[in-house]
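Peer 1: got a structure for you, letters missing:
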């Protein structure tokens, strides 16, 4: 009996260790300097809306809306060109009662054509873009977020009147391995060469915000991170 119980205990320990390893592998890699100033805050949500009520740490979305997705297609001698656009908005608050309002716009353009060598294969290329204006009740400074994916290449930035933060895609998990089956798992946010925030969109949703930032900047950083999660979870454009 003791041997049997010992085996059960050993199996349980191994299972817990494997589960811990799997969970660790699901966390996005961030710069060590940021990890000393921020811990991953898991993003959860309520509701099944186009913009769910996401929340993490002291921040939560309290209202949201989405405009109609508009699409248009036209054909030419090179193939078919399809375009889409949509307006989104949400309001987020922190534990102090400060409010951030985000107005988002996303659009995409895809051109599809038949390959002359392989007529049964459709080739496509295009771009998908998102912009967001972030305002806060805590100050009068507006943040502008712009991100674009053109043929699989990402570019993005957050701008204020006096600052610019880079959005850089992250492809590795915290074990150093490249995440499979995806172009990236999230985005790092840099002020110059210093990572001050990060957002993971898959396979988990996590946000890191540097403790060094003032409260008003943390609020807008939280709103910017949720904006990127909203776009990633909606695959940039609703199909």
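Peer 2: That came through fine. What you see is a predicted model, and the numbers here were worked out from it, not measured in a lab.
Peer 1: ends of stretch 202-217, how far apart?
Peer 2: This stretch, stretch 202-217, spans 25 Å end to end (CA to CA, to the nearest Å).
Peer 1: which of the residues in it are buried?
Peer 2: Within stretch 202-217, the residues scored as buried using 16 or more other CB atoms under 10 Å are 202, 205-210, 213, 216-217. (C-beta placed from N, C-alpha, C; glycine too.)
Peer 1: which one of those is nearest residue 165?
Peer 2: In terms of CB to CB, no member of the buried residues of stretch 202-217 lies closer to residue 165 than residue 217, at 9.9 Å.
Peer 1: now the helix or strand harbouring that closest one: average pLDDT?
Peer 2: Assigned by DSSP states H and E, residue 217 falls within helix 215-233. Averaged across helix 215-233, the pLDDT comes to 93.
Peer 1: distance from the chain centre to whichever strand or helix holds residue 84, please.
Peer 2: For residue 84, the host element (DSSP H and E) is strand 79-93. Strand 79-93 has its C-alpha centroid displaced from the chain centroid by 15 Å (CA atoms, centre = their mean, to the nearest Å).
Peer 1: and it, which strands flank it?
Peer 2: Within its sheet, strand 79-93 is paired with strand 59-66 (antiparallel), strand 70-76 (antiparallel), strand 99-114 (antiparallel), according to DSSP bridges.
Peer 1: JSON lines for the ones you listed, including distance to residue 229 and mean pLDDT?
Peer 2: Conversion of the strands paired with strand 79-93 to JSON lines gives the following (distance: least, CB to CB, whole Å; pLDDT from 0 to 100):
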{"stretch": "strand 59-66", "distance to residue 229": "11", "mean pLDDT": "96"}
{"stretch": "strand 70-76", "distance to residue 229": "23", "mean pLDDT": "81"}
{"stretch": "strand 99-114", "distance to residue 229": "12", "mean pLDDT": "85"}
